[in-house]
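>>> Sequence and predicted structure below; questions after.
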Amino acid sequence: MAPTAEFCGIDPEEMGQLATSLRGAADRLTAFSREFEGKLRQNGISTPALREIADIADWGGTQVSMLHGRIDLIRALGDGAPELGGGGDRPSFVRLPDELEGFETAQGLASMYGKDIFVNFAGELQGEVIHNHADEVAKLADNPQAAAAFFALLSPQVRDSLPSLIANTGSKTAKQDLAAFSKALGAALSAPTLVPAFAKVRSDLVKPAGSKVAAWNRLALLKGANAPSGVRSAAARALVLDDFVKKPRQDWRAAGATEVKAYGLPSDVVALGLEVLAGDGTAARDAFTAMGGADVKLSQVEKMKRFLDYAKGAGTGDEVAGAFGRVMEAGTEATTEKPGQHSPAAAAFTLDAIRAAGSFGDGLPEPARGSMATIAKSYIHELASGARFDKAVDRTSGLKVPDHWTPLPGVTPAFYLSPGDTHRFFKTFVGDKQLTDDFDKTAAQFRHDTLTAAARLDVQGGTRYFEDTARVFGDLAGVEFKATLDVRGEQDATNDLILDITKNTLALGVDQIPIVGTGWELTKAYVISGVLDGWADSFETRVEEATGARSDFVLRQKYDMAHLLHEAGYPASEPPTELISKSTGNLKTYDELLAEAKQEASEDKKWEQVLRQKLTPYEKWMDRNDSLDKKIEYSSQFLTSEQAKEQLRVWN
């Protein structure tokens, strides 16, 4: 059969007959040339032509060896191929890609590793030889079918224990060398299975391995393979995760100190199974959907909780918790999809992840906390909606829009959390100040952008989106800080908050608006004003250093709202000249006025007095514009309301 760009058809029996025929012809030519060369020499006749015939015979002999080698290779690669074509006793073709040269390279490497390096060498020398040829294995990835041939021809005993074999040489390049094998395997798994014998290799990878150690080795090889989603999911489930959800209470450690040190991989096979899913959202979602098979009746939330329960009780818990968090990040598409635009599949998975993790609250294992904060930032629309107390306060978390729900422009949740689930999920990460600060930056930017969009819509249509949106963010701040109080304790949480406000307010430069970047700490401060009022003088002093007086927390909020509405073009008279910034040509921000007051202050006149003088025309301008003034007052009151924090006592 003539070769094509996709495959060539080879009949090993016919090729064998060709080799036999060629062998016979070569032997006859050799005998002929020897017989006649002797006779002609006896008569003094030169025999160059006969020498050429002898050379042809020798060439034929070498071709016979090559053909037999290829027959063996073809039969090995065609192992497991279905009967195609032919009839009666006529043998069938073996269909293979037109890659015979690449296959021969793969065959040589497979023989070298399977029958030589891991048989005839040991110790450091073995490690050196492995490393010396690892690049050749990695290059097979450029020819996926040759890579498939390599793994099909490699000794199964070597293939299924490669990570341990390499690590036990003590080689310092073990991690790099294993990566070469993984790269080649990934290429083979990602290509169409055109090499029949590789189908068995592929099938074996997604079947139970028979022991935890064998499972660990297969997963370690797959970890760096960047295999297709279906392979990752099937392998992780078959090798460990299906068994885990059925019977989690057992020792899942499988790798020794040598392997762990060589590769930096977890010793726990459950953790390694999760690591194979990490980074692939489709694989993560598919695995959790089907995990355990038909015999397991657990919901997806219950499956997720089973991993966290195990992580809290096992000696390898940190390995499992960290891997679990990364799988949740992948399945939620927290780093690959845009907030407010999540796909249905990712959203449904995230709803379950939030409910599962939230059930642990502050008891969530520490290594998973960072992943929860990453998910929170990506699902800021859902958390903002989940914190709402103005509509459907008795709702349960779900994908369906709650009854009597009122959507708000710019807030586009893919699912709807209850206030209690929102609060519990916040508790998974707000105990860590760095994670909280990171989330707060996202919340501040979202608050700014959403309020700005709402203000513009109100300008166009006379609506009240601005006030309603302010209420949402007041509720969100209240729910978040209530979770922070619950986790850190009232004194620690408030102390951290005041320190942030002090640092950020004193560091603010001209033209910076508090609702961007640093504003979320201030928003939370408004919500817990009652808590702050009750603190000791030392705390109050720090607040006063930042703002001049405790009441300025709420006071400045009015100017933030006024600035946003004015920038959006809300109807109002022209502000007084002294309120227009020379650098921007726009209405001055509170921070510009604060900076000016501090610059103009003197021994005779404190900056608080100067600030009051500068704010007086601002207040008079707002008073003259009744519609604007009411909008500012209502929105700032909503943002400073403690209602959400108090209602959680009932609706948590």
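That came through fine.
>>> which ones are touching residue 321?
308, 311, 364, 365, 366, 367, 368 (C-beta atoms under 8 Å, 6 or more residues apart in numbering). In this view, the C-beta of every residue, glycine as well, is placed from N, C-alpha and C.
>>> how does it look with 7 Å?
By C-beta atoms under 7 Å, 6 or more residues apart in numbering, residue 321 lies in contact with 311, 365, 367, 368.
>>> Which of the residues you listed fall within helices?
With helices defined by DSSP state H, the entries of the contacts of residue 321 inside them are residue 311.
>>> Let me have the contacts of residue 321 in CSV, extended by pLDDT, neighbour count and distance to residue 232.
What follows is the contacts of residue 321, written out as CSV (pLDDT from 0 to 100; neighbours: other C-beta atoms under 10 Å; distance: C-beta to C-beta, whole Å):
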residue, pLDDT, neighbour count, distance to residue 232
311, 96, 27, 21
365, 97, 21, 23
367, 97, 18, 21
368, 98, 26, 20
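>>> quick one: which of the contacts of residue 321 is nearest residue 212?
residue 311 (17.7 Å; C-beta to C-beta).
>>> what about the stretch 251-400 of the chain, any weak spots by pLDDT?
Of all residues in the stretch 251-400 of the chain, none has pLDDT under 70.
>>> Do a quick rundown of the helices in it.
Assignment of helices within the stretch 251-400 of the chain using DSSP state H, counting those that start in this stretch yields the ranges 257-263, 269-277, 281-290, 300-313, 317-332, 344-358, 369-378, 380-386.
>>> now the fifth one and helix 300-313, what's the angle there?
Helix 317-332 runs at 160 degrees relative to helix 300-313, counting by axes from the mean of the first three to the mean of the last three C-alpha atoms, to 10 degrees.
>>> Tell me how far residue 520 lies from residue 338.
For residue 520, the distance to residue 338 equals 20 Å [C-beta to C-beta, to the nearest Å].
>>> And for residue 466?
Taking C-beta to C-beta, one finds residue 466 at 24 Å from residue 338.
>>> So between the two, which is more surrounded?
Neighbours were counted for residue 466 and for residue 338 using other C-beta atoms under 10 Å; residue 466 has more, 28 against 8.
>>> now the helices for the stretch 451-600 of the chain?
Under the criterion DSSP H, counting those that start in this stretch, helices of the stretch 451-600 of the chain are mapped to 465-488, 490-507, 519-527, 529-533, 537-547, 552-567, 590-600.
>>> Worst mean pLDDT across the helices and strands of this structure, which element?
helix 537-547 (a mean of 43; mean pLDDT, DSSP states H and E).
>>> got a list of contacts for stretch 643-652?
So stretch 643-652 is contacted by 387, 389, 393, 419-420, 423, 474-475, 478-479, 481-482, 527 (C-beta under 7 Å, 6+ apart).
>>> What of stretch 352-363?
300-301, 304-305, 308, 328, 331-332, 364, 372, 375, 397, 417, 421, 424-425, 427-428, 431, 487.
>>> Stretch 386-394: which residues count as buried?
The neighbour-count check on stretch 386-394 (16 or more other C-beta atoms under 10 Å) flags 386, 387, 388, 389, 391, 392 as buried.
>>> Dump stretch 160-178 to CSV, keeping only the CA atoms.
The C-alpha trace of stretch 160-178 is given here as CSV (Å, rounded to 0.1, in the frame of the first residue of the first chain):
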residue,chain,number,x,y,z
ASP,A,160,5.6,1.9,35.3
SER,A,161,8.4,2.6,37.7
LEU,A,162,10.4,5.3,35.9
PRO,A,163,10.2,8.0,38.6
SER,A,164,11.4,5.7,41.3
LEU,A,165,14.1,4.2,39.1
ILE,A,166,15.5,7.6,38.1
ALA,A,167,15.3,9.0,41.7
ASN,A,168,17.0,5.9,43.2
THR,A,169,20.1,6.6,41.1
GLY,A,170,20.8,9.6,43.3
SER,A,171,21.1,11.8,40.2
LYS,A,172,21.0,15.5,40.8
THR,A,173,19.2,15.9,37.4
ALA,A,174,16.4,13.4,38.3
LYS,A,175,13.7,16.1,38.1
GLN,A,176,14.9,17.4,34.7
ASP,A,177,15.3,13.8,33.4
LEU,A,178,11.8,12.8,34.5
